[in-house]
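*Asks:* one predicted model, sequence on top.
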Amino acid sequence: MAEDTLSSPQQGKIPWGKVPWWALILIALGLLLTYLILANPNYHDTFLYLRAGVVTTLRITFSAYIFAVSFGLLIGLARTSKNKVVYTLATLYVEVMRGIPMVVLMLYVAFALVPAAVGVLKSFGAWGAAHVSVGFLQPLFVDMSHATTRSLPMEVRAIIALAMGYAAFEAEVFRAGIQSIGRGQMEAALSLGMNYLQAMRLVILPQAVRRVLPPLGNDFVALLKDSSLATVLAVREITQMGRLRRASTFRVMETFNVVAFLYLAMTLFLSALVRVLEQRMKIKE
């Protein structure tokens, strides 16, 4: 009886050490900024001004991520290939892209690679129009004499740069996921009469995707934040819109508080979606 009497007060204690204080602090800060946006005219006007930047940021993020995952999967498969040429080219791409800072890659794509590509296409089209006389081949050589580097918007160039950079990271994620599957799985699939592509598509990749879903989700959130680098190309995403707002109103604190709030809200929301998807994938297993 005495032991029960002594233990009962301890059972009623709140386990303060297990309380997620970080989440409570974030909720409190979010509620405070939400209140300021609703009640303070400066915060409210800044929020309304930045709404267009949110749409652009999300458009850049989703577009670049789709291309990065698609291209990264191909590079990842090439990194597991036994063909020396394919493996060497894929490894070269991964090492080069991972070694260049993203902002440098964005500037290089926008002001060096795109103008060079436009020049090559113009020369190719002019040469084809002058020398190719086969009728069904002529549509391949489009007259691009009037094309200029301004024909491709800066937003598209930012998407290309982000997709190229993150494809290298996604390639390593897919390579690790594929190589984590036992060799017996591939051998069993081949013994059942499948070819390599069928075995990879039906047996290996479905298992690998489940394993690499967390790092893929983390890269998605990282890409959302790195989309702010498009401000160096004057793309009107959230950061650029914030810079314009600050320059026109000199409301530095209000502007960048709202900018940080918008990025944090989007990253937390997307992180929660990734965790839900990860749990559902585990349940299906």
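*Replies:* Arrived safely. Residues are numbered from 1 along each chain as shown.

*Asks:* any low-confidence regions in the stretch 1-150 of the chain?
*Replies:* Filtered on pLDDT under 70, the stretch 1-150 of the chain yields the residue ranges 1-14, 16-17, 122-148.

*Asks:* ranges for the helices of it?
*Replies:* Per DSSP state H, counting those that start in this stretch, the stretch 1-150 of the chain carries helices over the ranges 2-11, 21-39, 41-79, 84-99, 102-108, 114-131.

*Asks:* for residue 186, find the nearest of the ones you listed.
*Replies:* Each of these was scored for nearness to residue 186 using CB to CB, and the closest is helix 41-79 (12.8 Å). Any C-beta I mention is one placed from the backbone N, CA and C, and that applies to glycine too.

*Asks:* got the angle for the closest one vs helix 21-39?
*Replies:* Going by axes from the mean of the first three to the mean of the last three CA atoms, to 10 degrees, helix 41-79 is angled at 130 degrees with respect to helix 21-39.

*Asks:* elements contacting helix 41-79?
*Replies:* Secondary structure elements in contact with helix 41-79, counted by 3 or more CB pairs under 8 Å, 6 or more residues apart in numbering; DSSP states H and E, are helix 21-39, helix 84-99, helix 154-179, helix 205-226, helix 238-249, helix 252-284.

*Asks:* by contact count, what packs against the longest one?
*Replies:* Contacting helix 252-284 under the criterion 3+ CB pairs under 8 Å, 6+ apart are the following elements: helix 21-39, helix 41-79, helix 205-226, helix 238-249.

*Asks:* out of the ones you listed, flag the one nearest residue 279.
*Replies:* Go through the helices and strands packed on helix 252-284 one by one with CB to CB and the one that ends up closest to residue 279 is helix 205-226, at 10.2 Å.

*Asks:* could you pull up the mean pLDDT of the closest one?
*Replies:* The pLDDT scores in helix 205-226 average 89.

*Asks:* between helix 154-179 and it, find me the angle.
*Replies:* 140 degrees.

*Asks:* I'd like the helices and strands packed on helix 252-284 as a markdown table, with distance to residue 167 appended.
*Replies:* Supplementary listing: those in a markdown table, determined by distance: least, CB to CB, whole Å:
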| stretch | distance to residue 167 |
| --- | --- |
| helix 21-39 | 32 |
| helix 41-79 | 4 |
| helix 205-226 | 10 |
| helix 238-249 | 23 |
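
*Asks:* may I see the ones you listed arranged in a markdown table, with mean neighbour count and distance to residue 191 as well?
*Replies:* Supplementary listing: the helices and strands packed on helix 252-284 in a markdown table, determined by neighbours: other CB atoms under 10 Å; distance: least, CB to CB, whole Å:
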| stretch | mean neighbour count | distance to residue 191 |
| --- | --- | --- |
| helix 21-39 | 12 | 50 |
| helix 41-79 | 19 | 21 |
| helix 205-226 | 18 | 17 |
| helix 238-249 | 18 | 53 |
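
*Asks:* which one of those lies closest to residue 258?
*Replies:* Between residue 258 and these, the shortest gap by CB to CB is with helix 41-79, which sits at 4.8 Å.

*Asks:* now the angle between helix 238-249 and that closest one, please.
*Replies:* For helix 41-79 against helix 238-249, the angle between stretch directions is 150 degrees (the same axes, to 10 degrees).

*Asks:* which positions in stretch 96-114 come out as buried?
*Replies:* Neighbour-count burial for stretch 96-114 flags 97, 102-103, 105-107, 109-110, 113-114 (criterion: 16 or more other CB atoms under 10 Å).

*Asks:* next, format the residues you listed as JSON lines and append distance to residue 156.
*Replies:* Shown next, in JSON lines, are the buried residues of stretch 96-114 (distance: CB to CB, whole Å):
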{"residue": "97", "distance to residue 156": "19"}
{"residue": "102", "distance to residue 156": "17"}
{"residue": "103", "distance to residue 156": "17"}
{"residue": "105", "distance to residue 156": "15"}
{"residue": "106", "distance to residue 156": "12"}
{"residue": "107", "distance to residue 156": "15"}
{"residue": "109", "distance to residue 156": "10"}
{"residue": "110", "distance to residue 156": "10"}
{"residue": "113", "distance to residue 156": "12"}
{"residue": "114", "distance to residue 156": "9"}
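
*Asks:* nearest spatial neighbour of residue 171, skipping sequence neighbours?
*Replies:* Here the nearest residue to residue 171 in space, its sequence neighbours aside, is residue 75; by CB to CB, 6 or more residues apart in numbering that works out to 3.6 Å.

*Asks:* just checking, the one you found touches residue 169?
*Replies:* No: assessed by CB atoms under 8 Å, residue 75 is found out of contact with residue 169, at 10.1 Å.
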